[in-house]
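Peer 1: what follows is a predicted structure for the sequence shown.
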Amino acid sequence: MDNEISLTGYISIFNSSPVAKLIMKTDAPTYTIIDVNDAYLLATNSSRERLIGKSVFTVFPGNPTDQESKNIELTMRSFEAAIHTGKPHTMSNYRYDIPIPGTEQFEERYWTTTNIPVLNEKGEVVFFIHSPKNVTEIYRLEQREKAGIEALKTQRKQLYSLLMQAPVGIGIFKGPDFITELINQPLCDLYGKSSEEMMDKKIFEILNFAKGLGLEELANRVRLTGESYQGKDQPITLIRDGVLQTIYVDFVFEPFRDDDGTISGIIAISIDATEQVNARHKLEEAEERARLAAEAVNMGTFDINLVNGEIITSTRFANIFGFEKPVHRDRYLEVFHKEDLRSRLVAHRNAIRKGNLFYESRVVWEDGSVHWVRVEGKVFYNSDEMPHRILGTVLDITEEQKNQEQQQQLEKALADSEQLLRKITSASPACLFMCNENGAITYVNQTWIDWTGISYDDNMVSGWLEAIYQEDREKAIEEFQVTLNNQTLYGVSFRIKHIDGTLRWCTACGQPQYRDDGSFCGYIGSCTDITEQKELQQQKDAFIGIASHELKTPVTSIKAYTQVLERILIKKGEHTEAGMMRKMNDQLDRLTSLISDLLDVTKINSGKLQFNPQNFDFELLVKELVEDLQRTTDRHKLIEQYLPTGVVFADKERIGQVITNLITNAIKYSPKTDKIIISTEMKDEEVCVCVEDFGVGISEENLNKVFEQFYRVSGDMQHTFPGLGLGLYISSEIIKREGGRIWVDSQEGAGSRFCFSLPVNKTETGL
């Protein structure tokens, strides 16, 4: 009786458990189902009759809607692990879909399942409990979080790239002093400053011309209130390209908010509007001349808004229609002669289609008198080629003979105005282009046609590619396609076959365009000839290479003569003179080193720096170099701290050149200290060497410049430590080409620690 109660209690507890459970035999590979509770049936949309006494893999075959999953194999391994170890085994976050009742469809589910072995008194597994937990929502939440994080990272990278490549000037300035944190090249060009001059500086101290204009006060107000400010046609007088100029700037100050919403600075967006302002001034002058000319010939003017139907007229226009002052459009329409209303309507319809309005009609004044008027106008279209405006004139031609001369004067004034406007809007020294969302070219300006000799029609769609030099065409197409797919800023350099038969270097850039609904509609961009810049760079590199090569031979000869003279003077006992020869020899060594640096830089820039990789003992190389360099300095003790590094496959001579440069730099820039530490180690499959001195150090603002060409310490220290500033640049290029990394940690006045690392898994057979 007690057993019956115990069994009943077991069954009740088992079935009422909220945790899904399935009890199975250990009869591999069948794994027969012994029992199942209600929670399991509910979780899997199954019935007891379908499961009891069946093999678990018969009733639950491979994932029906995910054939690539290996759930059967994973499950069998989990069963075996639980049986063999006698300990629970868990499978996490695997997919197994369940059928949707009453349909042939399946619901995607993810599970975490524990297989718990049940042991008898002898410790043998007699059966085990299979307990799955539905973790679908948790799994999906985790996937959404991961996707969100990745999207945020991508968005930040895209934002930075967008800011730096934007065709307008953009800068971020932090704190009450407006320290420059980010600034792109267009903003540097706008103010005639380099990024180095403005980065990490108080921007309003660098831009002296901004003082007294109220810009700093406006920026402070944006930072403190969080309210944006837009400036239009701000005149600024500055020195740019060595010339005092007045430019006009359109700008926006936006608050810059940190991740927590705190306003920590401002974002400044600036556009050089000088050309547009000057053009507008010229246009206004032309319009004023046209207005004066119209008034001079007793002509009225009008401006019709085709969107809302409103009309703006001059007083003379109203007078010609019989009114003392301008009135509503309906009043003007009322005075037209009824017999001329249709011809007037036809003239307006033709104007919408052809772009020009012209008609002559009668108007009847309030006193009943009839007057003839001649109406002329021009239709203006928006970017969607929809008519939105008619500008025109009206002339009382009742006494045509009296007004003929005045009419001719007006027509000439209008023609001059239109010609001036056409020149302003069409003149551009750069090529301009437009393309649609599919990348098909829809417009090129006359400059591109003049460069390439390809007609306007032949340039359309993809015809413009025929002008690109064959070797550059594939790259230009590939980069354009990638940019088009990502709808990002476009920028690429290539050569074109110029109409004069030469190859010209060009750089093209494009700004993505969007419709009012936010959908991408293509690019508007420009193409600039950069041949002269390319040629100047090549000429500079060629000159340095030739000059350095030509200097090397006579310097070598002088050095040989100097050494011979030194030995002769020593034999004669003239030690003072011999010492002078020795100093001369030392200076020739310095000159030889400078020439070698110039030759290496030339080879780097032309891609001709040669490498002869071989296997060598890295630690032994460092020891030999330190031993040689210790002999060159009496003041400094070169302290060696080596950990095993093993064999490296690289150009031994070039790596030795880098190590020598770092140690000699440490000696040179620590004249008041007496020790330099050279250390090696192997970490994360990389061999690393560091050279640490305790000398003058490097300021934080210059840390990112030390590996640039011709960088040298500035200020009073410049003449104390002579040199061309090429050693670290050459060293960094050598390490990069060997697949390694080079970096520096430094504090001004406390010394520097230069390090580089090389991969140790790079072998002769693995190149």
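Peer 2: Cool, the structure landed.
Peer 1: mind naming the longest strand for this protein?
Peer 2: Counting by DSSP state E, the longest strand found in the chain is strand 243-257.
Peer 1: average model confidence for the helix or strand encompassing Thr576?
Peer 2: Taking DSSP states H and E as the definition, one finds Thr576 inside helix 575-606. Per-residue pLDDT over helix 575-606 has a mean of 66.
Peer 1: name the next helix or strand following it along the chain.
Peer 2: On the C-terminal side of helix 575-606, the nearest following helix or strand under DSSP H and E is strand 613-617.
Peer 1: so which elements touch that following strand?
Peer 2: Under the contact criterion of 3 or more C-beta pairs under 8 Å, 6 or more residues apart in numbering; DSSP states H and E, strand 613-617 touches strand 647-651. Any C-beta I mention is one placed from the backbone N, CA and C, and that applies to glycine too.
Peer 1: in the strand it packs on, what's buried?
Peer 2: In terms of neighbour count (16 or more other C-beta atoms under 10 Å), strand 647-651 has its buried residues at 648-651.
Peer 1: now swap in stretch 506-523 and tell me
Peer 2: Along stretch 506-523, the positions that meet the burial threshold by neighbour count (16+ other C-beta under 10 Å) are 506, 508-510, 512-513, 522-523.
Peer 1: between which two of these is the distance greatest?
Peer 2: Checked with C-beta to C-beta, the buried residues of stretch 506-523 reach their widest spread between Cys506 and Gln513, with 21.4 Å between them.
Peer 1: skipping its backbone neighbours, what lies nearest Arg455 in space?
Peer 2: Actually, residue 455 is Ser. It isn't Arg. By the measure of C-beta to C-beta, 6 or more residues apart in numbering, the closest residue to Ser455 outside its immediate chain neighbours is Ile449, 6.8 Å from it.
Peer 1: neighbours of Arg353, how many?
Peer 2: For Arg353, the number of neighbouring residues by other C-beta atoms under 10 Å comes to 9.
Peer 1: check Gln143 too.
Peer 2: For Gln143, the neighbour count with other C-beta under 10 Å is 12.
Peer 1: now the one 4 residues further on
Peer 2: The number of residues packed near Ala147 is 10, by other C-beta under 10 Å.
Peer 1: pLDDT at it, what is it?
Peer 2: On the pLDDT scale, Ala147 is placed at 81.
Peer 1: quick one: Glu310 and Arg329 touch, right?
Peer 2: Yes. Assessed by C-beta atoms under 8 Å, Glu310 is found in contact with Arg329 at 6.9 Å.
Peer 1: these two: who's more crowded?
Peer 2: For Glu310 versus Arg329, neighbours defined as other C-beta under 10 Å are more numerous around Arg329 (16 against 11).
Peer 1: mind listing the strands in the stretch 151-300 of the chain by residue range?
Peer 2: Listed from the start of the chain, the stretch 151-300 of the chain has strands (DSSP state E, counting those that start in this stretch) covering 169-174, 179-183, 229-240, 243-257, 263-272, 300-305.
Peer 1: for the second one, packing partners?
Peer 2: Same thing as strand 179-183. helix 136-165, strand 169-174, helix 195-198, helix 203-206.
Peer 1: ok, what's across the strand from Trp111?
Peer 2: In this structure, Trp111 has the following beta-bridge partners (DSSP bridges): Tyr94, Asn134.
Peer 1: ok, Ser55 next?
Peer 2: In this structure, Ser55 has beta-bridge partners Thr32, where bridges are defined by DSSP bridges.
Peer 1: from the helices and strands packed on strand 179-183, which stretch is densest packed?
Peer 2: Most buried of the helices and strands packed on strand 179-183 by mean neighbour count (mean count of other C-beta atoms under 10 Å) is strand 169-174; its value is a mean of 22.
Peer 1: contact partners of it?
Peer 2: With C-beta atoms under 8 Å, 6 or more residues apart in numbering as the contact definition, strand 169-174 has outside contacts at 163, 179-184, 186-190, 198, 203, 219, 256, 264-272.
Peer 1: put the buried members of the residues you listed into a ChimeraX selection.
Peer 2: Listed next is the ChimeraX selection for buried residues among the contacts of strand 169-174, using 16+ other C-beta under 10 Å:
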select :163,179,180,181,182,183,184,186,187,188,190,198,203,219,256,264,265,266,267,268,269,270,271,272
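Peer 1: and the gap between the residue most central in space within the chain and Cys755?
Peer 2: For the chain, the residue whose C-alpha lies nearest the mean C-alpha position (C-alpha atoms, centre = their mean) is Ser161; its distance is 1.9 Å. As judged by C-beta to C-beta, to the nearest Å, Ser161 and Cys755 stand 29 Å apart.
Peer 1: domain assignment for the chain?
Peer 2: As given by automatic domain parsing, the domain ranges for the chain are 2-134, 166-272, 305-424, 431-529, 534-606, 613-759.
Peer 1: where exactly do the strands run in the stretch 301-450 of the chain?
Peer 2: Chain-ordered strands for the stretch 301-450 of the chain, with DSSP E, counting those that start in this stretch as the definition, fall at 311-313, 356-364, 370-381, 387-396, 431-435, 441-444.
Peer 1: who wins for proximity to Tyr110 among those strands?
Peer 2: With distances scored as C-beta to C-beta, the stretch of the strands of the stretch 301-450 of the chain nearest to Tyr110 is strand 431-435 (45.2 Å).
Peer 1: now that closest one - C-alpha only, PDB.
Peer 2: Extracted C-alpha coordinates of strand 431-435, given in PDB (Å, rounded to 0.1, in the frame of the first residue of the first chain):
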ATOM      1  CA  CYS A 431      34.900  68.800 -63.900                       C
ATOM      2  CA  LEU A 432      31.400  68.400 -62.500                       C
ATOM      3  CA  PHE A 433      29.200  65.300 -62.700                       C
ATOM      4  CA  MET A 434      25.900  63.700 -61.600                       C
ATOM      5  CA  CYS A 435      24.800  60.100 -61.500                       C
END
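Peer 1: which residues touch that strand?
Peer 2: The contact list for strand 431-435 (C-beta under 8 Å, 6+ apart) reads 441-445, 447-448, 451, 464, 506, 508, 510, 522-528.
Peer 1: try 7 Å this time
Peer 2: Residues external to strand 431-435 that are found in contact with it (C-beta atoms under 7 Å, 6 or more residues apart in numbering): 441-445, 447-448, 451, 522-527.
Peer 1: strands paired with that strand, and their directions?
Peer 2: Partner strands and pairing direction for strand 431-435 (DSSP bridges) are strand 441-444 (antiparallel), strand 520-529 (antiparallel).
Peer 1: highest average neighbour count across those strands?
Peer 2: Counting by mean count of other C-beta under 10 Å, the most buried of those turns out to be strand 520-529, with a mean of 18.
Peer 1: got a markdown table for the helices and strands packed on strand 179-183, with distance to Gly123 too?
Peer 2: Shown next, in a markdown table, are the helices and strands packed on strand 179-183 (distance: least, C-beta to C-beta, whole Å):
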| stretch | distance to Gly123 |
| --- | --- |
| helix 136-165 | 35 |
| strand 169-174 | 68 |
| helix 195-198 | 74 |
| helix 203-206 | 78 |
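Peer 1: nearest to Ile247, of the ones you listed?
Peer 2: Distances from Ile247 to each of those were compared using C-beta to C-beta; the shortest belongs to strand 169-174, at 11.7 Å.
Peer 1: just the angle between that closest one and strand 263-272, please?
Peer 2: For strand 169-174 and strand 263-272, the angle between their directions (axes from the mean of the first three to the mean of the last three C-alpha atoms, to 10 degrees) works out to 160 degrees.
Peer 1: what pairs with Glu376 across the strands?
Peer 2: Here Glu376 sits in beta bridges with Phe358, Thr393, as judged by DSSP bridges.
Peer 1: also Phe251?
Peer 2: When bridges are taken as DSSP bridges, the partners of Phe251 come out as Gly231, Ser270.
Peer 1: any idea how many residues pack against it?
Peer 2: Neighbour tally, Phe251, other C-beta under 10 Å: 21.
Peer 1: swap in the one 4 residues further on?
Peer 2: By the criterion of other C-beta under 10 Å, Pro255 has 18 neighbours.
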